[in-house]
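1. Sharing a sequence plus its predicted fold:
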Amino acid sequence: MKTLHTLIPTFHIITLIFLSYFPVTCYGQSDKNDQSQHQIDSLLSLAEEQLSSSTEFTITYADSALLLSKEGNYTSGLARSHYLLGAAYTINGDFDPARNNLNTALQLYDKLDDQRGSVRSNRYLGRLYQYSGHREQALRFYISALKLAEQINWSDEIINLTNNIGSVYLDQQHYDKAIEYFTRCLEMAPDKSITSILLSNIGLVYRNQKKYDHALQYIEKSLNICYEMGDITCELIPLGIAISIYMDLEKYSLALKYSHEIMKKQEQLNLKKGLMVTYNRTGLLHWYMLQYDSAINYFEKSLKIGKETNYSSQHLIHANMAFVYKDAKKYKQALDHVLIHVKLKDSLFTHEKNRITEELLAKYDAEKQLKEIEILQKEKELQEATLERQSLTQNVAIVGAALILIVSVIILINYQQKIKAQIMLSIKTKELSEQKKMELIRENEIKSIKANIEGQEKERERIAQELHDGVAGNLAGIKLVLANLSGKEQNQELNKVIRNIDETYHEVRTLSHHLIPPKIMENEFIELIKNYLDDLKRSHLFEIHFGYHPQTELNKLPNQIKTEVYRIIQELMNNIIKHAKADQVDIQLTKLNESLNLMVEDNGVGFDASATSSGIGLNNIHSRVKLLDGEINIDTTINRGTIVDITIPVVDI
């Protein structure tokens, strides 16, 4: 009799065959495009159903739907196909194709004005960046998705995203913030399964804070909800956290009890990767309890699943087995597993690996040579007996030589210590000198950057004044003279010249205004940037999206930071206009905790960062970021656009 998991692939094959013949049987009953779209929607529904259990099927269905959507020019199908591919690749850890598909989905959903699709795409982009360790970027996408979900009052996604933001704060060890967001979720009265997850998350926060009593209270509440629902899958998360708590408390018997409980449920559900982790953890518990045979048994079970699933960190299980065999004084087996561990991960913990290997080799050799040591010991005793029978003269000579040697060694040690002290003093003095030298270089570099930027600002102001008072004034005068001539003689060519002069006059005025240092004190910072970007939209053929959060705190930034950030945005936009050939630009300005993040992304031609020397514009940007003690990262590839990510500490400079 076939089990459930063996029947699933057959079901999917039958479904695909049925769908492939569906348009033929229904042709003539309704429009062909409607049938094609229905087929695509059916494929995508199947893909979404499999997302949480089998990403391979999700990718297969979504790829098929994507091809059909392209053939039928079905934009909604394209957007949903890219979204599901991005979600599946994110779960698999394939971050490059995931990011490309999710960004494409987001653009299509924006074009369709599908706000729900935009919320889900932003949420999975946040999940992608959280999985890949870019937590600040993850927060930015989660917050964008949350704002949009709140606008359309999508309660389920509001709960999911609030929980996601809490999980990022948990990863960052901002525990108070994490509890704040998890509690906020609970106040929204979610369904029982989500309530159980939130209670487990709060328990995990308290566990990380070593507040174990509070942690166990929340884990117990979470488990009770799972028991009420009769949901075995629901129980896995709180049980796993409970095991970690009891391991921290060194209550290994209780941890082992819960370990066997979770093991039965995972075996029942055929969760291989979960079982691998549980077997490994159970092996650790038996090791801590000095039950070496049981520990090895569970490690071998874990390793078997690791090989079946091609688990990337099998070397960790081999390391655990090596430690157990070492404690069990089975040095040969311990050495075997150390060598396998090294082979699988030869670059990991090199120093510790060498130490363990040498120790095990020594103990293994000692075990083999035990009899030889016993023989040597007997020979040593015989030699000592012979020495006792030597003459008094020989003993005196030996004692005298020993005294001379001791005195010589003491003198030599004292001399070496003095030399060592002098060398250390010389090294310390040199280090202090180098440190002072680097500080002076740093101060001079900052002064040079400040002077250079101040010079640029003065030159910009002078050029702006010349353009405004000189060139613009002359153009206005020429326009008036030509207007008078036009009034006397109706001439179409002359009127065309007047219009061109008028346009040039306005362009010169706009350019002069952009060159003048921004009036930070007189205008709201965000409004100043928006006005500048609006000017660019009117004069260039590309879309600019400007996102910012929170506006109140951004407007309160120190004036120097606001001035430099404004200039950096100007330099980046100038580079995009000159070189990128982009038709879409996305600017995100976010203040999180003690830092300010600016990310500017375009869909232009990009460039080869390794082959391109920095121009004046990029040098100016680097100088301004360095002046603010910030960091800049430029991610660009030819024909794939450019992302400039800048992080600046928010302090009074």
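-> Okay, I see it.
2. Quick one: the strands in this structure, in order.
-> Under the criterion DSSP state E, strands of the chain are mapped to 543-549, 584-592, 595-602, 631-636, 642-649.
3. Let's have those strands in JSON lines, adding mean pLDDT, distance to Thr429 and mean neighbour count.
-> Placement of C-beta: from N, CA and C, glycine included. Converted to JSON lines, the strands of the chain look like this (pLDDT from 0 to 100; distance: least, Cβ to Cβ, whole Å; neighbours: other Cβ atoms under 10 Å):
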{"stretch": "strand 543-549", "mean pLDDT": "93", "distance to Thr429": "50", "mean neighbour count": "16"}
{"stretch": "strand 584-592", "mean pLDDT": "93", "distance to Thr429": "43", "mean neighbour count": "20"}
{"stretch": "strand 595-602", "mean pLDDT": "94", "distance to Thr429": "37", "mean neighbour count": "20"}
{"stretch": "strand 631-636", "mean pLDDT": "92", "distance to Thr429": "33", "mean neighbour count": "14"}
{"stretch": "strand 642-649", "mean pLDDT": "94", "distance to Thr429": "32", "mean neighbour count": "20"}
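4. can I get those in a markdown table with distance to Met188?
-> Below are the strands of the chain laid out as a markdown table (distance: least, Cβ to Cβ, whole Å):
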| stretch | distance to Met188 |
| --- | --- |
| strand 543-549 | 21 |
| strand 584-592 | 23 |
| strand 595-602 | 28 |
| strand 631-636 | 36 |
| strand 642-649 | 32 |
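5. which stretch among these comes nearest Gly274?
-> Closest approach to Gly274 among these (Cβ to Cβ): strand 584-592, 33.8 Å.
6. Given the closest one, what are its sheet partners and their directions?
-> Strand 584-592 pairs in its sheet with strand 543-549 (parallel), strand 595-602 (antiparallel), by DSSP bridges.
7. can you tell me which of the strands of the chain comes nearest to Asn201?
-> Across the strands of the chain, closest to Asn201 is strand 584-592 (Cβ to Cβ), at 20.7 Å.
8. what's the spacing between that closest one and its chain's center?
-> The chain centre lies 18 Å from the centre of strand 584-592; the measure is Cα atoms, centre = their mean, to the nearest Å.
9. quick one, which of the strands of the chain is nearest to Ile158?
-> Closest among these, using Cβ to Cβ: strand 543-549, at 16.4 Å.
10. Go ahead and measure how far that closest one is from the middle of the chain.
-> 22 Å.
11. go on, stretch 55-62?
-> Worked out by Cα atoms, centre = their mean, stretch 55-62 lies 25 Å from the chain centre.
12. try stretch 637-644
-> 19 Å.
13. Same question for stretch 302-313.
-> The answer for stretch 302-313 is 25 Å, by Cα atoms, centre = their mean.
14. hey, C-alpha coordinates of it in CSV?
-> Provided in CSV are the C-alpha atoms of stretch 302-313 (Å, rounded to 0.1, in the frame of the first residue of the first chain):
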residue,chain,number,x,y,z
SER,A,302,21.3,12.4,12.4
LEU,A,303,24.2,11.8,10.1
LYS,A,304,22.3,9.3,8.0
ILE,A,305,19.5,11.9,7.3
GLY,A,306,22.2,14.5,6.7
LYS,A,307,23.6,12.4,3.9
GLU,A,308,20.2,11.6,2.5
THR,A,309,19.2,15.2,2.3
ASN,A,310,22.7,16.5,1.3
TYR,A,311,22.8,18.6,4.5
SER,A,312,25.6,21.2,4.1
SER,A,313,26.8,21.2,7.7
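15. who touches that stretch?
-> Lys272, Lys273, Leu275, Met276, Val277, Tyr279, Asn280, Gly283, Gln314, Ile317, His318, Met321 (Cβ atoms under 8 Å, 6 or more residues apart in numbering).
16. if I look at the nearest residue to Tyr325 once chain neighbours are set aside, how far off is Ile143?
-> Distances taken as Cβ to Cβ, 6 or more residues apart in numbering place Ala334 nearest to Tyr325, at 3.6 Å, with adjacent residues excluded. In this structure, Ala334 and Ile143 are 50 Å apart, going by Cβ to Cβ, to the nearest Å.
17. okay, those two: which has more neighbours?
-> For the pair Ala334 and Ile143, the greater number of neighbours falls to Ala334 (24 against 20), based on other Cβ atoms under 10 Å.
18. Tell me the spacing between the more buried one and Leu344.
-> 16 Å.
19. Ok, Thr58 next?
-> From Thr58 to Leu344 the distance is 30 Å (Cβ to Cβ).
20. Then Tyr548?
-> Taking Cβ to Cβ, one finds Tyr548 at 47 Å from Leu344.
21. Likewise for Arg135?
-> Taken as Cβ to Cβ, the span from Arg135 to Leu344 is 29 Å.
22. any idea where the helices of the stretch 151-300 of the chain begin and end?
-> 155-171, 175-187, 192-208, 212-229, 232-248, 252-269, 272-288, 292-308 (DSSP state H, counting those that start in this stretch).
23. got a markdown table for the strands paired with strand 584-592, with distance to Leu51 too?
-> Putting the strands paired with strand 584-592 into a markdown table (distance: least, Cβ to Cβ, whole Å) gives the following:
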| stretch | distance to Leu51 |
| --- | --- |
| strand 543-549 | 28 |
| strand 595-602 | 27 |
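24. so which of those strands comes closest to Asn164?
-> Taking the strands paired with strand 584-592 one by one with Cβ to Cβ, strand 543-549 is closest: 15.9 Å.
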